[in-house]
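Trainee: how would this look folded up:
(chains A and B)
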Amino acid sequence: DAKTTQPPSMDCAEGRAANLPCNHSTISGNEYVYWYRQIHSQGPQYIIHGLKNNETNEMASLIITEDRKSSTLILPHATLRDTAVYYCIVRTQGGSEKLVFGKGTKLTVNP
Amino acid sequence: GAVVSQHPSRVICKSGTSVKIECRSLDFQATTMFWYRQFPKKSLMLMATSNEGSKATYEQGVEKDKFLINHASLTLSTLTVTSAHPEDSSFYICSARHWRDRQETQYFGPGTRLLVL
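Mentor: Residues are numbered from 1 along each chain as shown, chains lettered A, B, ... in the order given. Purely as a prediction, here's the structure:
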């Protein structure tokens, strides 16, 4: 079972920031927060991950609350190509740890 | 990011035949790869973990004799669907475990769509 809770769908206007929330209230101290997205009929694409500090890369920013029980993925200037299902996944690294995909959030970017 | 390829991207076969799908890590070595399947409008379901040089580990309910996995090199894992039936029609996706700066990320292939007639 997925350890995260995400809204099933969200809408965003093109050019605006898209803020995708994720709740992971049972996260353990050694578990990371990973974000992936899947555009229709393609394999998932890695976006970003973090442990406790906020992270930023060329695709997005990840904001993790101080208690680590929730996080927000921010796409600063959403485009139509960002329309996809976004998955928030909590897991440790290495070993036999697996990526367990929940239902994710379907983000629709509107023109 | 690291690149993972799959071949073929799409395959149609007759019921009873076997189909092999290849997963390659193009610019890194992967001792561990994973195989998923995805039905329409559903999320990805992990089928098995492929370990280089050893036997794959299958998830509960996945028939290992039906879905043969071979991970013969650090850049290639193959999934063979044996005696395929229409219910095996699905989107098969692989991923490869990548380590850099002590951080682990899984990178996914583009997927293979299998249609069994």
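
Trainee: so which strand or helix has B:Lys64?
Mentor: B:Lys64 is located outside every helix and strand, with elements delineated by DSSP states H and E.

Trainee: can you tell me the closest non-neighbouring residue to it?
Mentor: Nearest residue to B:Lys64 in three dimensions, chain neighbours excluded: B:Tyr58, at 4.8 Å (CB to CB, 6 or more residues apart in numbering or on different chains). Where C-beta positions appear, they are placed from N, C-alpha and C, glycine not excepted.

Trainee: can you check A:His77 too?
Mentor: A:Gly15 (5.8 Å).

Trainee: ramachandran coordinates for the one you found?
Mentor: A:Gly15 has phi and psi values of phi 90, psi -20 when expressed as degrees, to the nearest 10.

Trainee: coming back round to it: wait, what's in contact with the residue nearest to B:Lys64?
Mentor: Applying CB atoms under 8 Å, 6 or more residues apart in numbering or on different chains, one finds that B:Tyr58 lies in contact with B:Met47, B:Ala48, B:Lys64, B:Phe67.

Trainee: tell me what the top strand by length along chain B is packed against?
Mentor: Secondary structure of chain B read by DSSP state E shows that its longest strand is strand B:90-100. Under the contact definition 3 or more CB pairs under 8 Å, 6 or more residues apart in numbering or on different chains; DSSP states H and E, strand B:90-100 sits against strand B:4-7, strand B:19-25, strand B:32-38, strand B:76-81, strand B:103-108, strand B:112-116.

Trainee: comparing those, which comes out most buried?
Mentor: For the helices and strands packed on strand B:90-100, average neighbour numbers computed from mean count of other CB atoms under 10 Å in any protein chain shown are highest in strand B:32-38, which has a mean of 24.

Trainee: any idea which helix or strand comes after it?
Mentor: Using DSSP H and E, the helix or strand that follows strand B:32-38 in sequence is strand B:45-51.

Trainee: that following strand to strand B:90-100, inter-axis angle?
Mentor: Interaxial angle, strand B:45-51 versus strand B:90-100 (axes from the mean of the first three to the mean of the last three CA atoms, to 10 degrees): 50 degrees.

Trainee: buried stuff in strand B:45-51?
Mentor: B:Met45, B:Leu46, B:Met47, B:Ala48, B:Thr49, B:Ser50 (16 or more other CB atoms under 10 Å in any protein chain shown).

Trainee: point out where chain A drops to low pLDDT.
Mentor: A:1-2, A:96 (pLDDT under 70).
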